[in-house]
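Enquirer: sequence below, structure please.
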Amino acid sequence: MTRTILHCDLNSFFASVELLSYPELRDKPVAVSGDASARHGIILAKNEAAKRCGVVTAETIYQARRKCPELVLLPPHHALYEEYSRRVNAIYAQYTDLVEPFGIDESWLDITGSCHLFGGDAVKIADELRTRVREELGLTLSVGVSFNKVFAKLGSDYRKPDATTLISKENWQKIVFPLPVTDLLFVGRAAADVLAQYGVHTVGQLAACRAEMLETLLGKLGLQLHAYANGLDDAPVIGADGREAVKSVGNRTTYSRDITRLADARTAITVLADSVAMRLRRHGMYCGGVQLTIRNAQFKNISRQKQLGFTTHLTREIAAAAVDLLKSAWREGEPIRMLTVTAIHLTAEKDAYCQLDLLSAGTPENERQEKVERAMDAIRKKYGKGSISFGAEALAENFGGGTGHE
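Expert: You can find the predicted model right below:
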């Protein structure tokens, strides 16, 4: 049976979400960027007006402003993007239970079994989704409709913004074969450079190659790309029930100035641990271990991890474990460029256990801490992520020191 797959791609997602708060900027070139004074001052996203000026994602703010002096820069709000992504996927879920997110702003939908419930016309369903997302959330969507995942994604990229493209068994060669080979899923720059050396520049040329030659040039990837170019993709759309459980939850920050003092590193780790713990609680998860990654001034990563004697989703315990790892892997005074705190060995909350020890996770003190951190979650949910955080006094109490000189 021929499948019916949609690929839904939110147009200029980060910028579009930001512009909901700045409707007066809608027709002006706008980009979401990191801090221009920090090391990560790059373009994260841009709207259509900025695209027309030549602004591209991942270039520096300096480069973007040379192309577009009138470019308006807005700071990112990642929690807001996650919330809108959740809302959009909730709309998709009303049409099928087979919804597979592909990043924060894209999703595949398999409507093979439910298409008849909504009139039986996949293109009309795609148009209905675009209308609903526009009217209910104020965002625009491009949708590809096809008989496999790869071509559905090609369809969503084919016309933007706010468009539906059908790539069917009848028209797919006419649409797909002239496209640049780089439009095909998983054809990166390295693979494209190799193919170009052999005169392969379009998907049609890739499809005409011998599979054995592509395997020689690119290994297993060559065979996969040959199948994709010939419309031979049977990968399923994996719904929430079929996806693997989350194996880790982490957060990292690259700092505008190097960290050299233990007190500053403790503060930085607590901020990261707080974010990780909040996400664990939101997903109803506990961690049984913690991993810390340190990137030094030479861009070398040093990773350490430890198993806990209990499971937890409390900031204090995750941060304490990460600080212990820091002390074992780092000497005060050595520059730290980036820190990553990751919760590992995750388990569902209902399966979590506590070590039966007066000094471990089952104590009344931890029960009080649980209430405090859940109360902080509730305040953040109502008033925003930055509305409450751990202060210097909490750091001093939890780690035996403050944020001053030690």
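Enquirer: just give me the neighbour total for the closest residue to residue 159 other than its chain neighbours.
Expert: For residue 159, ignoring the flanking residues on the chain, the nearest one in space by C-beta to C-beta, 6 or more residues apart in numbering is residue 165 at 5.3 Å. Where C-beta positions appear, they are placed from N, C-alpha and C, glycine not excepted. The local packing of residue 165 (other C-beta atoms under 10 Å) involves 22 other residues.
Enquirer: which residues touch the helix or strand hosting residue 165?
Expert: With secondary structure defined by DSSP states H and E, residue 165 is part of strand 164-167. By C-beta atoms under 8 Å, 6 or more residues apart in numbering, the surrounding residues in contact with strand 164-167 are 122-123, 126-127, 130, 142-147, 151-152, 154-156, 158-159, 175-176.
Enquirer: kindly recompute the last result at 10 Å.
Expert: Outside of strand 164-167, the residues within contact range by C-beta atoms under 10 Å, 6 or more residues apart in numbering are 5-8, 122-130, 141-148, 150-159, 172-176, 231.
Enquirer: give me the contact list for the helix or strand following it.
Expert: If you walk from strand 164-167 toward the C-terminus, the next helix or strand you reach (DSSP H and E) is helix 172-176. Contacting residues not belonging to helix 172-176 are listed as 146-148, 150-151, 154-155, 158, 165-168, 183-184, 202-204, 207, 228-231 [C-beta under 10 Å, 6+ apart].
Enquirer: buried stuff in helix 172-176?
Expert: Taking 16 or more other C-beta atoms under 10 Å as the neighbour-count basis, helix 172-176 is seen to contain the buried residues 172, 175-176.
Enquirer: re earlier: just the buried ones from the contacts of strand 164-167, in ChimeraX syntax?
Expert: Under the burial definition 16+ other C-beta under 10 Å, those of the contacts of strand 164-167 that qualify are selected in ChimeraX by:
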select :5,6,7,8,122,125,126,127,128,129,130,141,142,143,144,145,146,147,148,150,151,152,153,154,155,156,157,158,172,175,176,231
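Enquirer: of the contacts of strand 164-167, which belong to helices?
Expert: Taking DSSP state H as the definition of helices, the contacts of strand 164-167 contribute 122-130, 150-158, 172-176.
Enquirer: and the gap between residue 230 and residue 156?
Expert: 20 Å (C-beta to C-beta, to the nearest Å).
Enquirer: where do the strands of the protein begin and end?
Expert: With DSSP state E as the criterion, the chain has strands at 5-10, 30-33, 43-46, 72-74, 99-101, 106-110, 141-146, 164-167, 249-259, 285-296, 301-312, 336-348.
Enquirer: now for this structure, the helix or strand with the poorest mean pLDDT.
Expert: Every helix and strand in the chain was compared by mean pLDDT, DSSP states H and E; the lowest is helix 392-399, with a mean of 36.
Enquirer: could you provide the strands of the chain in CSV, with additional columns for distance to residue 237 and mean pLDDT?
Expert: Formatted as CSV, the entries for these read as follows, by distance: least, C-beta to C-beta, whole Å; pLDDT from 0 to 100:
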stretch, distance to residue 237, mean pLDDT
strand 5-10, 6, 98
strand 30-33, 29, 92
strand 43-46, 26, 89
strand 72-74, 34, 94
strand 99-101, 5, 93
strand 106-110, 4, 96
strand 141-146, 12, 98
strand 164-167, 16, 98
strand 249-259, 25, 87
strand 285-296, 25, 93
strand 301-312, 33, 90
strand 336-348, 24, 91
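Enquirer: any chance of those strands in a markdown table, plus distance to residue 319?
Expert: What follows is the strands of the chain, written out as a markdown table (distance: least, C-beta to C-beta, whole Å):
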| stretch | distance to residue 319 |
| --- | --- |
| strand 5-10 | 35 |
| strand 30-33 | 29 |
| strand 43-46 | 28 |
| strand 72-74 | 31 |
| strand 99-101 | 30 |
| strand 106-110 | 34 |
| strand 141-146 | 40 |
| strand 164-167 | 48 |
| strand 249-259 | 12 |
| strand 285-296 | 9 |
| strand 301-312 | 11 |
| strand 336-348 | 8 |
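Enquirer: for the residue nearest to residue 236 when sequence neighbours are not counted, name its beta-bridge partners.
Expert: The shortest distance from residue 236 to any residue other than its chain neighbours is 7.3 Å, reached at residue 110 (C-beta to C-beta, 6+ apart). Following DSSP bridges, residue 110 is listed with bridge partners residue 5.
Enquirer: pLDDT below threshold where in the protein?
Expert: In the prediction, the chain carries residues with pLDDT under 70 at positions 35-40, 243-245, 349-406.
Enquirer: mind doing that once more with 50?
Expert: When residues are selected by pLDDT under 50, those of the chain lie in 39, 350-364, 385, 387, 392-406.
Enquirer: okay, domains of it per the record?
Expert: With automatic domain parsing as the criterion, the domains of the chain are listed as 1-167, 177-229, 249-399.
Enquirer: so which of these gets nearest residue 241?
Expert: Of all the domains of the chain, the one in closest proximity to residue 241, counting by C-beta to C-beta, is domain 1-167 (7.5 Å).
Enquirer: what's the spacing between the closest one and its chain's center?
Expert: Taking the mean of its C-alpha atoms, domain 1-167 sits 13 Å from the chain's own mean (C-alpha atoms, centre = their mean, to the nearest Å).
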